[in-house]
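J.: This is the structure alone, sequence omitted:
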């Protein structure tokens, strides 16, 4: 196999080490493989692109040997051959004593109705092969959580697709850091305690939009807040307008990421973009 570098990203040939349920609609899949020794990330919301095989395929079909031209070559493959591509957030990664990455975790939301990635994750087992487009440099543009040094209040909002990033961010924050979090989930079974040393207040909203809940919330007084919002793109845009227009927060201190769009597949969303 020839592996191309798409600096500061590259393709990684991986396989499943294990998979387990971490909620009624969440599956955590652990991947491993020799290529991971070249995987580096210092971010807490590191974005990744995962390529999955179709049923009946042993490996995902992607022409990654073409370097920068892989996207167009991948798009030209037949629909029933071309690997399924989905974007995810790194939940965790582990290193050996020499600092080389040995395993990474990705959390999958099991949607209803199930799409191809949900179907794959629900049946994932040891040895299943995937291809990952991920970071070869620890500091890269797919890391978005970057609070300024003077931040005295962190505000986080996300739906279930943003839960891995929010959980990782909370784990990274120091004691005493004030944090206010809003999380959406469609099932109360997914509500759980999130580990953090920060002064964090977490509000779960079950079965409905949390946009109005956040709009009506009173935030602690802060001179230098930082806002990170991610999830369904329509709600993300609405909340960004709220924080800028209604709360008067400097737009440069707001990070917003549309992970998905209601009524559109990832293929349709990428085509629209």
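T.: On my side now, so go ahead. What you see is a predicted model; the values in this text were computed from it and never measured.

J.: pLDDT score for the residue lying farthest from the centre of the chain?
T.: No residue in the chain sits farther from the centre than residue 221, which is 29.6 Å out by CA atoms, centre = their mean. Residue 221 is assigned a pLDDT of 94 by the prediction.

J.: repeat for the one 10 residues further on
T.: Reported pLDDT at residue 231 in the predicted model: 95.

J.: Which residue, other than its chain neighbours, is closest to it?
T.: Distances taken as CB to CB, 6 or more residues apart in numbering place residue 159 nearest to residue 231, at 3.7 Å, with adjacent residues excluded. In this view, the C-beta of every residue, glycine as well, is placed from N, C-alpha and C.

J.: now residue 53
T.: residue 60 is the one closest to residue 53 (CB to CB, 6+ apart), at 4.5 Å.

J.: Distance check, the one you found against residue 243.
T.: Here residue 60 is placed at a distance of 38 Å from residue 243 (CB to CB, to the nearest Å).

J.: need the contact list for the residue found closest to residue 187 once you drop the neighbours it is linked to in the chain.
T.: Closest residue to residue 187 apart from its sequence neighbours, by CB to CB, 6+ apart: residue 24 at 5.0 Å. Each residue near residue 24 by CB atoms under 8 Å, 6 or more residues apart in numbering is listed here: 187, 189-190.

J.: Helices of this structure, residue ranges please.
T.: 70-75, 116-122, 163-172, 211-216, 233-241, 266-272 (DSSP state H).

J.: Now do the first one: distance to the chain's middle.
T.: A distance of 23 Å separates the C-alpha centroid of helix 70-75 from that of its chain, computed with CA atoms, centre = their mean, to the nearest Å.

J.: same check, this time on stretch 184-199
T.: 16 Å.

J.: in it, what's buried?
T.: 184-186, 190, 194, 196, 198-199 (16 or more other CB atoms under 10 Å).

J.: For the closest residue to residue 170 other than its chain neighbours, give its distance to residue 162.
T.: In space, residue 170 comes closest to residue 196 once its chain neighbours are excluded; the distance is 3.9 Å by CB to CB, 6+ apart. Residue 196 sits 16 Å away from residue 162 when distances are taken as CB to CB.
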